[in-house]
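Participant: structure for the following, please:
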Amino acid sequence: MNAIEIEEAISALAEQAFDSGEFPYAFLQAFGNKETTIKRLRSGASNKSDLGGVLQTNNIHIALSASGDVTKTLAALKASPATARAKARFILATDGTDFEAEDLETGETVACAYADFPDHFGFFLPLAGITTVKQVRESSFDIRATSRMNRLYVELLKDNPDWGTASRRHDMNHFMARLIFCFFAERTDIFHGIGLFTDTIARMCAKDSSNTHEVIGELFRAMNTKREDRPCAGNPRWADAFPYVNGELFSGSVETPRFSKIARSYLLHIGSLDWTKINPDIFGSMIQAVAEDEERGALGMHYTSVPNILKVLNPLFLDDLRAQLKEAGDNSRKLLNLRNRMAKIRVFDPACGSGNFLVIAYKAMREIEAEINTRRGEADRRTEIPLTNFRGIELRDFPAEVARLALIIAEFQCDVLYRGQKEALQDFLPLDAQNWITCGNALRLDWIGICPPTGTGVKLHGDDLFSSPLDQAEIDFENEGGQTYICGNPPYLGDKFQTKGQKEELASLVVGKKVKAIDYIAGWFWKAADFIIATDALAAFVTTNSISQGVQVPAVWPRILSKGIEIFLADRDFKWSNNATNNAGVVVSIIGIRSKSNASKIIVEGNTRRIASNINCYLVDGPDITVLADSASRFGLPLMNAGNIARDKGNLMITADEKEKLLQGFPDAQRLVRRISGSNEVINGLVRYCLWIEDNDAEYAEKIPFIAERLENIRDYRANGSERGKLGLATPHRFERTITGKKYQLIVPRVSSERREYLPVEFSSAEIIASDAAMAIYDPPMWALSVLASRIHLVWIATVCGKLETRYRYSNTLGWHTFPIPALTEKNKTDLARCAEDILLTREAHFPATIADLYEPDAMPADLRAAHERNDEVLERIYIGRRFRNDTERLEKLFDLYTKTIASPGAAATKKRAG
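Facilitator: Numbers count the residues shown, from 1 in each chain. Sure thing, here's the model as predicted:
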């Protein structure tokens, strides 16, 4: 369950009549406990409470108390030996009137009326395995509001199905945006009183709710009518209390969907929430999910945390502003210069979604400006940071509307915080109608036309805050010469997930060149590079780490770096997590680009930063170089080949049962059967067989009916295939590509889990056929296993080969043949061979454990880990005379060695097969 589903379940529980016997079980069910778990607790099989309550091991101890004894019962729970034995994190006591709980891990407590305990649902989220609890607690209002809005949305579509169609989607989304504004406005005195909107609906609507849509429509019409026009407008007297809002939020049609009694009840309940607690940082993303069909199934799971967004904004420009503030101290002139600079800064998110990046940037800048004003003795001064400087592009209209609304709310909240409620209200209405969020396709629009450096010539902005026609008039704003910072989290979309139109969009950005196997996000980097050349802006995006790995590097980066642009910020390979139950997240990097400069370049590693001399397109402190595939090693490594390709549609593969039946009838066919091994077989120890028929056995094989049928199938398959496939028509008994060793081989899976600390590699007899799901070194020197199984080699593979999803994707030409290693002496090879043998012997001692078993990160045997540590020690000393401190140092050395070797005059002569 996600946070919103939990909130809904907890709220439903609180609304029911209190049942002391059922409460503990219903409470646990609300946090996602399965029915089988509840049954075991009910039966006493897993309930170890010593106080007559319910005790769930590692989670919670719940007890019901006599009336008025809640505090006393909570103390008893805390002192209970059973609580300690079960390592319960929470204790909870209630009598149906009062409610108290404590987190024994943090010491935090909750004490409230029973009816109010849903307000504290975030406190208990660890019960559901949600680990980003602090962020969820801080946004608990947003979760409750989104939950209620979701219920209302669903209920309205039941009674107004046409509003859910594509033709009415915009109307429905616009209606929801209007409601959000009204709920916020009536709680913050923007509507001159608390609860005016909700109370008016409650008072004026019929009990059967038949006229609710008409009442709301009249309120919307009043908010679009200026005071001086109202005498002629015919607004009802009860709507006249509402102010003129402008901003075109309530312009156009005031048609409203019809409300059932249930829908009206939901609306009134939403209005009763304390909307002063709205957090526009993340509320936009959550409310967007209400109205987006593809996102509603995961409601509440996809909003991005503020700390993650600040990973982009801080190094992009906020850290610089704070440093200038610190340097200015109390110097009035320096403070004024900084304030003037900030008033001209533009923040531009060309994939802005619901505006998270823009809102957080705005609030951070307002905080700095407020400190400047305080130091200058001008604490009540109006802000000089215009919302129109926070610009965005969003493909879908509803997120674009929500982004504008979130910025408006953020502006008001900042005015209240820094200037006071009275001053904030004085300047808030009417809303400014300028439209600074453009709805359109970012890869097809002219970014400079949307966010121009001079402040003029804005071709896609007009006089309607909540619409973006393409013939909009220009807006001139007084911020000539300000710096532009581009930021955001554009869509990633790997090649196979892109539509034909998206592929065409990428191709249009590199006219005359092929675009293949490139992530969609590359288009944003290309557009940003063009923008930087024209305006000297800076840009930083959250991106899939794959655009800095493998074949995408030469496809993406030369177009950027050849234009006098450099990477100045690299935050490599971390999970861009969300608040889903399992906190799953895609592995990303943050990459910042700018025109070449002498200013500092920053590499971020966890919580530390360091200055780099140069950041290359692999996000390593090293020279600008692209690693290209090589047919053989320039570093003296033995040749690695791709595995054998069958091109047989499975007809050369046989099961163990089929093998036994074949040999029972034809014992001499033993020589036609071999074991075959690929990624799955190496890693999981599976045994699979294939038909391996030499040319001199082809005639014999054709006489065996089982095999003859298989070979005929292969002839048909290859005859109907490509021209390349037809080359094997005369030899259906053979794999299309065959290569084997004489005695031994090293088999390396093509794809393996990124969780392992070492790459899986198998040393086996050459009798086993390496499939095309693996790579192989045939009749290798033993020291080659030492290199393959090392940490330093894994780091290289992860960087230059790229990944399949998040898994390592091995390549012989790109990963092994390019792997930089110093020239090895005979002693080096002997030492490494001994390390390799130790690894194999240690594995053997744990037979029948598989590689998957042995290399499970949390369960790797101590002796095997020690063998690998010794191997790493011996190998890394060959590089620098000691162990490397970390993977970053490993990569920097590898790139240095690679660059020197590739650039040397005799590099080509070193390409040979080593023994």
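Participant: please count neighbours and contacts with C-alpha atoms only from this point.
Facilitator: Noted.
Participant: any weak-confidence spans in the stretch 201-350 of the chain?
Facilitator: 247, 281-304 (pLDDT under 70).
Participant: where along it do the helices fall?
Facilitator: 212-222, 230-233, 261-271, 280-291, 293-296, 306-313, 319-328, 332-344 (DSSP state H, counting those that start in this stretch).
Participant: which of these sits closest to P399?
Facilitator: Proximity to P399, assessed across the helices of the stretch 201-350 of the chain by Cα to Cα, is greatest for helix 280-291 (5.9 Å).
Participant: which of the helices or strands spans M775?
Facilitator: Element membership of M775 [criterion: DSSP states H and E] is strand 774-778.
Participant: on contacts alone, who are the packing partners of that strand?
Facilitator: Here strand 774-778 touches strand 641-642, strand 744-749, going by 3 or more Cα pairs under 8 Å, 6 or more residues apart in numbering; DSSP states H and E.
Participant: and the lengthiest helix in the chain, what does it pack against?
Facilitator: In the chain, assigned by DSSP state H, the helix with the most residues is helix 397-419. Counting contacts by 3+ Cα pairs under 8 Å, 6+ apart, helix 397-419 packs against helix 169-187, helix 280-291, helix 356-375, helix 421-428, strand 437-439.
Participant: what angle do that helix and helix 356-375 make?
Facilitator: Here helix 397-419 points in a direction 10 degrees away from that of helix 356-375 (axes from the mean of the first three to the mean of the last three Cα atoms, to 10 degrees).
Participant: would you reformat the helices and strands packed on strand 774-778 as JSON lines and include mean pLDDT and distance to A111?
Facilitator: Shown next, in JSON lines, are those (pLDDT from 0 to 100; distance: least, Cα to Cα, whole Å):
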{"stretch": "strand 641-642", "mean pLDDT": "94", "distance to A111": "65"}
{"stretch": "strand 744-749", "mean pLDDT": "96", "distance to A111": "56"}
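Participant: would you mind finding the most buried of the ones you listed?
Facilitator: strand 744-749 (a mean of 27; mean count of other Cα atoms under 10 Å).
Participant: export it as CSV, just CAs?
Facilitator: Extracted C-alpha coordinates of strand 744-749, given in CSV (Å, rounded to 0.1, in the frame of the first residue of the first chain):
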residue,chain,number,x,y,z
TYR,A,744,39.3,-24.8,-20.8
GLN,A,745,37.4,-21.6,-21.1
LEU,A,746,36.2,-18.6,-19.0
ILE,A,747,32.6,-17.8,-19.6
VAL,A,748,31.2,-14.3,-18.7
PRO,A,749,27.5,-13.7,-18.7
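Participant: right, and the helix or strand after that strand?
Facilitator: Next in line after strand 744-749, if elements are assigned by DSSP H and E, sits strand 751-752.
Participant: and that next one, what does it pack onto?
Facilitator: Partner elements for strand 751-752 (3+ Cα pairs under 8 Å, 6+ apart): strand 807-809.
Participant: go through the helix or strand just after the strand it packs on and flag the buried ones.
Facilitator: Using DSSP H and E, the helix or strand that follows strand 807-809 in sequence is helix 826-845. Across helix 826-845, burial judged by 16 or more other Cα atoms under 10 Å covers K829, D831, L832, A833, C835, A836, E837, D838, I839, L840, T842, R843.
Participant: cool, stretch 732-748 as well?
Facilitator: For stretch 732-748, using 16+ other Cα under 10 Å, the buried residues are P732, H733, R734, F735, E736, T740, G741, Y744, Q745, L746, I747, V748.
Participant: neighbours of V416, how many?
Facilitator: V416 is flanked by 16 other residues according to other Cα atoms under 10 Å.
Participant: alright, I will stop here.
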